[in-house]
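**Student:** Predicted model and sequence follow; I will ask about them next.
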Amino acid sequence: MSRPLHIFSKREAYFLIASAMFLGLSISLVFQGIISGLEDTILLDRLIIILSELAILIPPLLILRQRGISVLDILPLKPVSPLTFLMAIIIVSGAIGLVTVYEVIMLPYFPIPEFLKNLETELSQGGIFDILLLILAGSLVAPIVEEFLFRGILQQSLYYRYGSLLPALVVPTVIFALFHVAYLFYLPAFFELISLAFLLGWLMAKTGNIIIPILVHGLFNLSSFTSLFIFELEETSTLSDLGLPWIIVSTLLMMVGWIYFKFMPLSVVDDVYLIPPLEKREA
């Protein structure tokens, strides 16, 4: 027997996403401005990243508290088998490998812009503790917060509002890409964002368990951040540098995971309750 699921109205879901993104961005800009004149701000930069991500949770958590709704009531947490978790790891492993292939193919035609090189250089600086904080922010905090927002709140609202997967995938994907504004000006990175968001939304719809997209998102980010410290993309400039085994194994992993989830039916919760607006609750 599946758990009941509480969803926000479409209008309120959009409002929550907009206010959460605005708050997170504002806090980041404010604190960055405060420390801009200081020296050796690497540790503070890492803490600001974590703080701004956590600030995103404030609007939805406040609204849920006002409504008297538990966070668990709005999270899709359908039980899934250990095999499904394994397949999620397999598909993201294949995706990470194929993204590397894609980046190597695109690099000669789309050189990485200087602002992204500078960003990666800044992120790779610091000591062990600074690096661990960055990995914590990117592979744990950000996936939990962003999946809660985009796949937990917005996708569920649109999925059960329209009874269709298409708007539930497209709208969160577009907003997810806009949220990562630094990568919108580099076309290969933009397509990576879009593809990742579609994959996360698709896995959410297939499994009905938000832990799956959190896991996939976290592993994908972990690979991106750790790559900053183990190799430079420019050193791998051709497919021969990657090696044929890398390409074959990545493709096979992606195919195995895709086939598994392809034949899994869409997850649908029978008991879905619309969270009433605050003014109606207070009336």
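**Tutor:** Great, that's in hand.
**Student:** Doesn't Tyr273 belong to a strand?
**Tutor:** Yes - according to DSSP: H, G, I helix; E, B strand; the rest coil, Tyr273 belongs to a strand.
**Student:** Contact partners for it?
**Tutor:** For Tyr273, the contact set (Cβ atoms under 8 Å, 6 or more residues apart in numbering) comprises 4-7. Quick note: C-beta positions are derived from backbone N, CA and C, even for glycine.
**Student:** What of Phe148?
**Tutor:** Contact analysis of Phe148 by Cβ under 8 Å, 6+ apart lists 57, 60, 75, 210.
**Student:** among those residues, which are in helices?
**Tutor:** Mapping those onto helices (DSSP state H) picks out Pro60.
**Student:** Just send the contacts of Phe148 back as JSON lines, with neighbour count, distance to Leu134 and pLDDT too.
**Tutor:** Shown next, in JSON lines, are the contacts of Phe148 (neighbours: other Cβ atoms under 10 Å; distance: Cβ to Cβ, whole Å; pLDDT from 0 to 100):
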{"residue": "Leu57", "neighbour count": "17", "distance to Leu134": "20", "pLDDT": "95"}
{"residue": "Pro60", "neighbour count": "22", "distance to Leu134": "25", "pLDDT": "94"}
{"residue": "Leu75", "neighbour count": "19", "distance to Leu134": "27", "pLDDT": "94"}
{"residue": "Ile210", "neighbour count": "23", "distance to Leu134": "24", "pLDDT": "97"}
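**Student:** Pick out whichever of the contacts of Phe148 sits closest to Ile90.
**Tutor:** Ile90 has its nearest neighbour among these in Ile210, at 19.2 Å by Cβ to Cβ.
**Student:** and that closest one, how far is that from Leu239?
**Tutor:** Distance, Ile210 to Leu239, by Cβ to Cβ, to the nearest Å: 36 Å.
**Student:** From Lys117, how far off is Ile7?
**Tutor:** Separation of Ile7 from Lys117 (Cβ to Cβ) stands at 42 Å.
**Student:** so where is the chain shaky, pLDDT-wise?
**Tutor:** Residues of the chain that meet the criterion pLDDT under 70 lie in 1-2, 228-238, 278-283.
**Student:** so where do the strands sit in it?
**Tutor:** Listed in chain order, the strands of the chain (DSSP state E) span 5-7, 272-274.
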